[in-house]
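okay, here's the prediction I keep looking at, along with the sequence it came from:
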Amino acid sequence: MIRLPDDAFHAHLVARMQQRGISREEIETTLNSGWPADDAKPGTLGKAWIFPYNADWEGQQYPEKEVTVYYRIRGVGFVVLTAKARYGVSFPRKG
């Protein structure tokens with residue numbers, strides 16, 4: 001089970017998480033349970049996971065939130081580059 005250390009959350013990542021409504025727990029869950037993201041660039045890996053949401057985001061109600069985390073392998077660990085969120089309904093599940 002992946003538990004990210006505090007230093008894995010660099011300033012750029014924290015800013016994007018706040019902008020996009022993503023929590024640390026959602027990033028860790030996505031890394032642990034997610035399926036490979038199809039849109040990761042060469043040399044970068046990605047994982048995606050869908051969470052029940054049932055809340056407002058920017059004035060609109062959404063039942064689900066898809067979180068995608070992009071990272072690179074570094075030695076025996078990895079570096080989280082960024083994360084994105086999409087809010088909606090009936091996202092396709094993979095894996």
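Everything's here; your move. If you're wondering where the values come from, they're calculated on a predicted model, not measured in any experiment.

would you list every one of the helices in the protein?
Using DSSP state H, the helices of the chain run over 11-20, 24-33.

could you give me the buried positions within the first one?
The reference is to helix 11-20. 13, 17, 20 (16 or more other Cβ atoms under 10 Å). Using the backbone N, CA and C atoms, a C-beta is placed for each residue, glycine as well.

a markdown table for these, including distance to residue 92 and pLDDT?
Listed next are the buried residues of helix 11-20 as a markdown table, based on distance: Cβ to Cβ, whole Å; pLDDT from 0 to 100:
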| residue | distance to residue 92 | pLDDT |
| --- | --- | --- |
| 13 | 26 | 93 |
| 17 | 24 | 96 |
| 20 | 20 | 97 |
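
got these as a markdown table, with distance to residue 59 columns?
Output for the buried residues of helix 11-20, formatted as a markdown table (distance: Cβ to Cβ, whole Å):
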| residue | distance to residue 59 |
| --- | --- |
| 13 | 26 |
| 17 | 20 |
| 20 | 16 |
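
which one of these is nearest residue 27?
Relative to residue 27, the closest of the buried residues of helix 11-20 is residue 17; by Cβ to Cβ it sits at 7.4 Å.

excluding its backbone neighbours, what's nearest the closest one?
residue 83 (6.1 Å; Cβ to Cβ, 6 or more residues apart in numbering).
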